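no sequence for this one, just the structure:
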Ligand SMILES: Cc1cc2nc3c(=O)[nH]c(=O)nc-3n(C[C@H](O)[C@H](O)[C@H](O)COP(=O)(O)O)c2cc1C
């Protein structure tokens, strides 16, 4: 990809695409890769906004060199977020530009010192501070716990470009594109939602707070640290974030199950068919041993109904379903209608722990949970039909 793509006459994208890494945070699959976006503002004072993951530092430096005249200095590095995929090149930047001043807030510098040690030149900013660069100026918007304690956004006031850090970011590489008006937005939504639900989803309250704050800021363009830059339809991503952070659900149902020998799976299949017959048009069935948790979570973030099935496994949940329920508890999942089912052969342990999950999360069960003994028989399928019917009614009523 060509470096130095312009957001405005003197503001450049100097990010990189990563198609090599398999797992983001060594956890979340990157089937479509990811971009680390960073920016350069050229003015009397030259400014870098964020860096990139350390393995891509050579491309980042080359991009800077292609824009600046030889010997030209970089005066500031604004650190919107200290997670290593953005702060990775921080130490190398300070070695390359020994006179550079790091710009961040109080928490940023706690992390800078902890990760990298002391730096001579730092500029600690608070909400609303301004930094004059010559023709451009920057102001700072604090967005703590979105999704780290130090996270903030930086507004370039002349062109009204808001550098949003991870907020409004996405998985997926920028394949020759950079801006929202260069793509079919529907193609991008699944990876945007997967990024939100997997990485930022725990912080829905902070997301709402930030969206409120942004209403008071004049912004023409959002420039996040991953994915598309929003110059034509910034309202599109704001609306999606509003929806996802409220956990408003579309009319549909996710069925996630675990199964070793197919009995729990047969109940899942039956429930799926009954949901369709009851008029639900979006039914997503996932075997949690096959589909990575990341994708299941993303669809759970989209749809109002959630049905979970598990066999008993050593008195507990089947491990991949246990992992899913733990993650949902950590994310403080809410606003989902819940159905539960499973199978057991002796003392159980699957459904019992699904009930504990329901109690912990406070999610509303649309029907009492059901556990089939040995294998599902006609009487068990009848109860599955009831679970599906109640779920369908509730999901449709919520439309
Ligand atoms: C490794 C293993 C552990 C199991 N642990 C329990 C258990 O603790 N309690 C129980 O009632 N059944 C237990 N079972 C039986 C299964 O839960 C039961 O056969 C279930 O119907 C299997 O569902 P599936 O066909 O969907 O895999 C266990 C089975 C296996 C293979």
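Right, received. Where do you want to start? Nothing here was measured: the structure is a model prediction, and the numbers come from that model. Numbers count the residues shown, from 1 in each chain.

which residues of the stretch 151-300 of the chain fall in helices?
Taking DSSP state H, counting those that start in this stretch, the helices of the stretch 151-300 of the chain run over residues 185-195, 204-214, 234-246, 263-277, 293-302.

quick one: the shortest one to chain centroid distance?
When C-alpha coordinates are averaged (C-alpha atoms, centre = their mean, to the nearest Å), helix 293-302 and its chain have centres 11 Å apart.

what's that helix packed up against?
Helices and strands touching helix 293-302, by 3 or more C-beta pairs under 8 Å, 6 or more residues apart in numbering; DSSP states H and E, are strand 28-29, helix 185-195, strand 250-257, strand 283-287, helix 319-330. Just so you know, the C-beta spots here come from the backbone N, C-alpha and C atoms, and that holds for glycine as well.

can you rerun that using 10 Å?
On a contact count with 3 or more C-beta pairs under 10 Å, 6 or more residues apart in numbering; DSSP states H and E, helix 293-302 meets strand 28-29, helix 185-195, helix 234-246, strand 250-257, strand 283-287, strand 303-313, helix 319-330.

Specify the stretch among those that is closest to residue 10.
helix 234-246 (20.8 Å; C-beta to C-beta).

Now stretch 345-364: buried residues?
Buried residues in stretch 345-364, counted by 16 or more other C-beta atoms under 10 Å: 348-354, 357-358, 361, 363.

ok, and does that stretch reach over to the ligand?
Yes - for a cut-off given as C-beta under 6 Å from any ligand atom, stretch 345-364 has contacts with the ligand, namely 345-349.

In helices, which of those appear?
Per DSSP state H, helices hold no members of the residues of stretch 345-364 next to the ligand.

circling back: output the helices of the stretch 151-300 of the chain as TSV; include the columns mean pLDDT and mean neighbour count.
Compiled in TSV, these are given as follows (pLDDT from 0 to 100; neighbours: other C-beta atoms under 10 Å):
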stretch	mean pLDDT	mean neighbour count
helix 185-195	98	19
helix 204-214	96	17
helix 234-246	97	17
helix 263-277	98	20
helix 293-302	98	22
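
closest one to the ligand among those?
Comparing these by their distance to the ligand (C-beta to the nearest ligand atom), the top pick is helix 263-277, with 3.3 Å.

other SSEs contacting that closest one?
Using 3+ C-beta pairs under 10 Å, 6+ apart, helix 263-277 sits against strand 250-257, strand 283-287, strand 303-313, strand 337-344, strand 370-373, helix 378-397.

List the beta-bridge partners for residue 221.
Judged by DSSP bridges, the bridge partners of residue 221 are residue 161.

how many neighbours does it have?
Residue 221 has 21 neighbours, counted by other C-beta atoms under 10 Å.

domain ranges for the chain?
Domain assignment for the chain by automatic domain parsing gives 5-246, 254-394.

about what we covered before: out of the residues of stretch 345-364 next to the ligand, which one sits closest to residue 240?
For these, the residue nearest residue 240 by C-beta to C-beta is residue 349; the value is 38.6 Å.

mind listing what that closest one touches?
Taking C-beta atoms under 10 Å, 6 or more residues apart in numbering as the contact definition, residue 349 lies against 310-318, 342, 371.

what do you get for residue 248?
242, 302, 304, 335, 398.

Same check on residue 386?
271, 274, 339, 366-368, 370.

quick one: low-confidence parts of this protein?
Along the chain, the model assigns pLDDT under 70 to residues 1-3.

For it, what lies in contact range of the ligand?
By C-beta under 6 Å from any ligand atom, the residues of the chain that approach the ligand are 259-265, 311-315, 343-349.

Let's see that with 5 Å instead.
259-264, 311-315, 343-346, 348-349 (C-beta under 5 Å from any ligand atom).

which stretches of the stretch 51-200 of the chain form strands?
For the stretch 51-200 of the chain, the strands defined by DSSP state E, counting those that start in this stretch cover 76-78, 101-104, 122-124, 130-132, 137-142, 152-156, 161-165.
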